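Enquirer: Sequence first, predicted model second:
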Amino acid sequence: MSTATVGDLVSQPYKHGFVTDIETEKIAKGLSEDVVRLISSKKDEPDFLLQFRLRAYRQWLQMAAPDWAALGYPPIDYQNIIYYAAPKQQEKKASLDEVDPKLLETFDKLGIPLSEQKRLSNVAVDAVFDSVSIATTYKEKLAEHGVIFCSISEAVKEHPELIEAYLGTVVPSNDNYFSALNSAVFSDGSFVFIPKGVECPMELSTYFRINSADTGQFERTLIVAEEGASVSYLEGCTAPMFDTNQLHAAVVELVVLDDASIKYSTVQNWYAGDENGVGGIYNFVTKRGQCRGARSRISWTQVETGSAITWKYPSCVLQGADSVGEFYSVALTNNHQQADTGTKMIHVGPRTRSTIVSKGISAGHSSNSYRGLVQIGPKAVGAKNYSQCDSMLIGDQAAANTYPYIRSQQPDAVVEHEASTCRISVDQLFYLQSRGIGFEEAVSMMVSGFCRDVFNQLPMEFAAEADKLLALKLEGSVG
Amino acid sequence: MIRPDAPLLLDIRDLHASVDEQPILKGVNLAIRAGEIHAVMGRNGSGKSTLSKVLAGHPAYTVTAGSVHYRGADLLELDPEQRARIGLFLGFQYPVEIPGVSNLEFLRVATNSRRAERGDEELDTFAFEDLVHERLKVVQMDPAFLERSVNEGFSGGEKKRNEILQMALLEPLVAILDETDSGLDIDALRIVADGVNQLAGPDNATLLITHYQRLLDLITPDYVHVMAAGRILRTGGKELALELERTGYDWVDQELARLEPETVEVA
């Protein structure tokens, strides 16, 4: 008879841990002003962008890494990282037929087929491999609607005026240590522009893949929705298993004008390290959106299951009157993973509303913290926030913390905060088992029940995917 | 219904079990044939609830000696979910609440796992809804309970009805009902007992674990067993339950004291 405990369930081999054997062009390790210039020149960038990078680099030199998060890790040696790596192929290919088959195969294996015959029917994909975007699907179809969806490098070349107008306006380069680093060395990422009045006809998605062992990934994403425009965007991330830690420091900026909306979903499954906490991605990400227009809306949904360390607070600055910010999050940590994640809702304009639903699941020896700020400014008359933070503990070695910060300068604002902690009990599992439901399925039923409020927010194509991913993460050696 | 030639469903021999290294069951013998209704009675702490948990495979209990065969197969080899799939059912005294898990979906997954074992096709959501609405009648349950989370916010009576609904869906061959009568008012008790009677048939068997006669006024047992100090002390027909009602459990203490004086605590 099985003697499995819930703790046994959580050690599932990582399915995306393979390395693609491909010739890569890398620059030497280390960071200096010359390296920043080299990256910029490799990408043949206009001068405004080089100046943006150099300013950020100089700011970064003056800054110190933040130490307020509930995270423990040895100091990162920034001179021991490669800041640019690209699979060796000439310029980005006009047609997918010319893309190295090994790269297509890699994305196939990850369940992101790019080729014409196999690709997802209603999702356009930008595939980013190490530091460069290798392909973007459905570009022409999107262009018919005036939608621009391409890698940010391409946007710099083809739409420099848009990049210059928006880049760094939501997350200034000196916002924090990691945003400064990213601004100096970012290599690729996605750019989305939805013109006035256009509802993007399909889901947009970017898939990030780290392949090289000693390379950092610094992607930059910028999404602009003009008046009355709307888009749903999803990003996914995986990396091979290495026993060293790799740094990932991304910046995502969203801009929404009057009556526009952006729904931004993330399924983050970077390599988390092994069961002893060796290896894994250090994930330091700055994501922020500005609701600049009246009645505009930004909705962040994240499913965070990977990375050794997650430091991430997708935020909304609610400037426009009646604008709405939402944050729905599931963060699962296992083994020795550490996550310090949450959001900031900055209410500036009148009658702005925000909703925060955070579900943290901690298993193994992991630590999972929710950290969130709700700030109501003096002009935010009638602002409202509702926050709900629930934690689920699996086993008795894991930790869950909640750090809610509320600052209100507006006496009639309504701020509600609810929090709960639960544990999957032996008796609940036994109850389900005694009805013929297997141990793993029982755990996964309870976990997905716990996460349902968040999964309901994901685009339909990915909700089932997220459910499966969580089940995989919790699946293991029963018996 | 007693038929000596009916197939033997459950055969418990000299069963010993402990929890946290504390022996609770100390040699239980019990044979249950198809068509029979058994009642196990006894005081709190006599081991009757432990017996039900051990049979269902609760991980907190360790079998230290003896055997249990279910239709000839070694039951103790099996995981709890496998026991359920082959037709053993435990109705809980205190059904747990499982927030976030839809009752309807839970019932469907459970029913399909039992059906798969029997080689029946899986029921999709639509086919299952038809089935569940038919079975709701057994316990006169409001369909609104299907939309809620498993047992969450259910009253005591609603939880017990939900247990019998599960029994009606899983169609077990051996149903063990652990103190199903506890915490029920007379109307709820009647509905639950009525459900159990409807489900009892010549091919299955029921093991009622109870404290009181009042359940047995509504479900007539073929056998009544009195449990004390981890074993079955006496077995009789339905009149044994009536005798207990009249005389109380004092004689049990005396008999136990005679059998093994060292294990009896004198109050």
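Expert: That came through fine. Just so you know, these numbers come straight off a predicted model, no measurement behind them.
Enquirer: so what's residue A:471 scoring on pLDDT?
Expert: Looking at residue A:471, its pLDDT reads 67.
Enquirer: nope, residue A:4 is what I was after
Expert: 39.
Enquirer: Kindly report the same for residue A:10.
Expert: We have a pLDDT of 43 for residue A:10.
Enquirer: quick one: contacts for residue 173?
Expert: Using chain A here. By C-beta atoms under 8 Å, 6 or more residues apart in numbering or on different chains, the contact set of residue A:173 is A:52, A:55, A:56, A:59, A:179, A:180, A:183, A:184. Where you see a C-beta, it was placed from the backbone N, CA and C, and this is true even at glycine.
Enquirer: Chain B was what I was after
Expert: Listed by C-beta under 8 Å, 6+ apart, the contact partners of residue B:173 are B:9, B:34, B:71, B:86, B:87, B:88, B:203, B:204, B:205.
Enquirer: Adding neighbour count as columns, could you present those in CSV?
Expert: Output for the contacts of residue B:173, formatted as CSV (neighbours: other C-beta atoms under 10 Å in any protein chain shown):
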residue, neighbour count
B:9, 23
B:34, 20
B:71, 16
B:86, 18
B:87, 20
B:88, 27
B:203, 12
B:204, 20
B:205, 26
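Enquirer: Flag every residue of chain B that's near chain A.
Expert: Residues of chain B that fall close to chain A, judged by C-beta under 8 Å from any C-beta of the partner chain: B:56-60, B:76-81, B:83-85, B:89-90, B:92, B:95-96, B:98-102, B:105-106, B:109-110, B:113-114, B:117, B:149-150, B:166, B:170.
Enquirer: Mark which of those are buried, thanks.
Expert: Those of those that meet the buried threshold are B:56-59, B:76, B:78-81, B:83-85, B:89-90, B:92, B:95-96, B:98-102, B:105-106, B:109-110, B:113-114, B:149-150, B:166, B:170, by 16 or more other C-beta atoms under 10 Å in any protein chain shown.
Enquirer: Among those, name the ones in helices.
Expert: Residues of those located in helices (DSSP state H): B:56, B:80-81, B:83-85, B:105-106, B:109-110, B:113-114, B:166, B:170.
Enquirer: did I read that right, residue A:104 in a helix?
Expert: Yes - counting by DSSP: H, G, I helix; E, B strand; the rest coil, residue A:104 is found in a helix.
Enquirer: gap between it and chain B?
Expert: Residue A:104 sits 36 Å away from chain B when distances are taken as C-beta to the nearest C-beta, to the nearest Å.
Enquirer: now do residue A:405
Expert: 27 Å.
Enquirer: Only C-alpha atoms, please: export the helix or strand where that residue lies in PDB.
Expert: Taking DSSP states H and E as the criterion, residue A:405 maps to strand A:399-408. Only the C-alpha atoms of strand A:399-408 are listed here, as PDB (Å, rounded to 0.1, in the frame of the first residue of the first chain):
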ATOM      1  CA  ALA A 399       6.600  29.300   4.600                       C
ATOM      2  CA  ALA A 400       4.000  31.800   3.400                       C
ATOM      3  CA  ASN A 401       4.000  35.500   4.200                       C
ATOM      4  CA  THR A 402       1.800  38.400   3.400                       C
ATOM      5  CA  TYR A 403       3.000  42.000   3.400                       C
ATOM      6  CA  PRO A 404       0.200  44.300   2.500                       C
ATOM      7  CA  TYR A 405       1.000  48.100   2.500                       C
ATOM      8  CA  ILE A 406      -1.900  50.600   2.300                       C
ATOM      9  CA  ARG A 407      -1.300  54.300   2.000                       C
ATOM     10  CA  SER A 408      -4.300  56.500   1.600                       C
END
